[in-house]
Structures are given as C-alpha cells and as structure tokens.
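Undergrad: quick one: sequence plus predicted model below, questions after.
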Amino acid sequence: MKPAKNTICLWYDQDAEAAARFYADTFPNSTVGAVHYAPSDNPSSQAGSALTVEFTVMGIPCIGLNGGPGVEHNWAFSFQVATEDQAETDRYWNAILAGGGEESQCGWCKDRWGVNWQITPTVLTKAFTGSDRAVAKRAFDAMMNMKKIDIAAIEAAIRG
C-alpha cells in the first residue's frame with residue numbers, strides 16, 4: 001500500500017501501539033496497521049522494540065512514534081470529533097477519560113497518553129457558526145460553562 005502523502009506523527013513514550021489499539025477500538029473508521037521495529041539501539045529504545053506504529057483515526061492517517069520520555073502533547077494539536085447526539089458524546093468522552101484521561105472545558109479532554117480531543121456535538125457547531133448571532137452567543141455562552149457538552153442545555157440556550 002502506498003503511504004499517505006501527509007501523515008500526522010504523534011510522539012509517545014513507549015505506548016504508541018497501545019494508543020493506536022485504543023483509538024481503533026473506540027472510533028469508527030479507525031485501524032492499526034504495521035508496527036515497525038527499531039533496527040538498532042537508539043536513545044529511546046533497544047533494537048527490536050516497536051519504534052513506529054501506523055494507524056488511522058476516523059480516516060486520518062497517523063504514525064505513532066515511540067520517541068521516549070520528555071516530550072509532552074499540548075493544546076496546539078487536538079482531534080476534533082463531531083457527535084450527533086448525547087449518547088455518542090458521552091461514549092467518546094467516557095472512553096477518552098477512562099484509564100487516566102483528564103477532562104477540561106468546552107468539550108476538550110485529554111486521553112491517558114496526553115493527546116487532546118474535542119468532543120463537539122454538531123448542534124453546537126451549527127449554532128455558533130450560523131447566521132443568527134444572538135443564537136450563536138447564547139450557545140457559545142452556555143458552552144463556556146461546561147466541561148463535557150450537554151446537548152439539552154445547548155438546545156435550551158438556542159431556544160433562548
């Protein structure tokens with residue numbers, strides 16, 4: 001298979017394969033591909049240990065690099081997942097938090113490997129990107145008081 005022209009590379013300490021398997025088990029259109037092993041000892045691993053893992057998250061090609069400790073993910077990169085209802089929002093939110101993830105504000109959370117996610121219901125995105133600026137403000141203001149997005153509360157804000 002020909003590699004993608006543009007691939008997201010995510011740095012992990014030594015857990016790239018575990019992260020890739022978690023994403024594949026959690027999100028649709030997600031898979032784990034080849035695992036490539038270090039041909040020789042290097043600063044982050046020994047010869048023969050997993051060095052990179054090819055995976056796809058919701059159709060986006062990625063490579064997990066077991067680069068070793070000392071490099072942290074930050075808010076400058078996140079996966080944004082559009083959800084259709086509260087059950088889907090809850091399912092992804094809870095899966096990401098399980099095993100050591102952290103919740104943040106406005107639909108943002110972090111998985112146990114430190115990768116940032118935005119779990120964003122489509123009703124929220126439609127409300128604050130629509131042409132009615134009063135609706136946009138109400139939806140946005142409601143979101144600003146939330147961690148996980150509560151669709152019923154967003155819909156109430158939209159109605160005014």
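TA: Everything's here; your move.
Undergrad: so what's R21 closest to, chain neighbours aside?
TA: Leaving out its chain neighbours, the residue that sits closest to R21 by CB to CB, 6 or more residues apart in numbering is V32, at 5.6 Å. The way it works is simple: take the backbone N, C-alpha and C, and place the C-beta from them, glycine included.
Undergrad: same check on G48?
TA: Y37 (5.5 Å).
Undergrad: from T7, how far off is that neighbour?
TA: 19 Å (CB to CB, to the nearest Å).
Undergrad: then A95?
TA: According to CB to CB, A95 and T7 sit 24 Å apart.
Undergrad: neighbour count: the two, which is higher?
TA: A95 (19 against 14; other CB atoms under 10 Å).
Undergrad: tally of neighbours for the closest residue to Q46 other than its chain neighbours?
TA: Leaving aside its sequence neighbours, Q46 sits nearest to A38 (CB to CB, 6+ apart; 6.8 Å). When counting by other CB under 10 Å, one arrives at 16 neighbours for A38.
Undergrad: swap in D150?
TA: D150, neighbours per other CB under 10 Å, totals 19.
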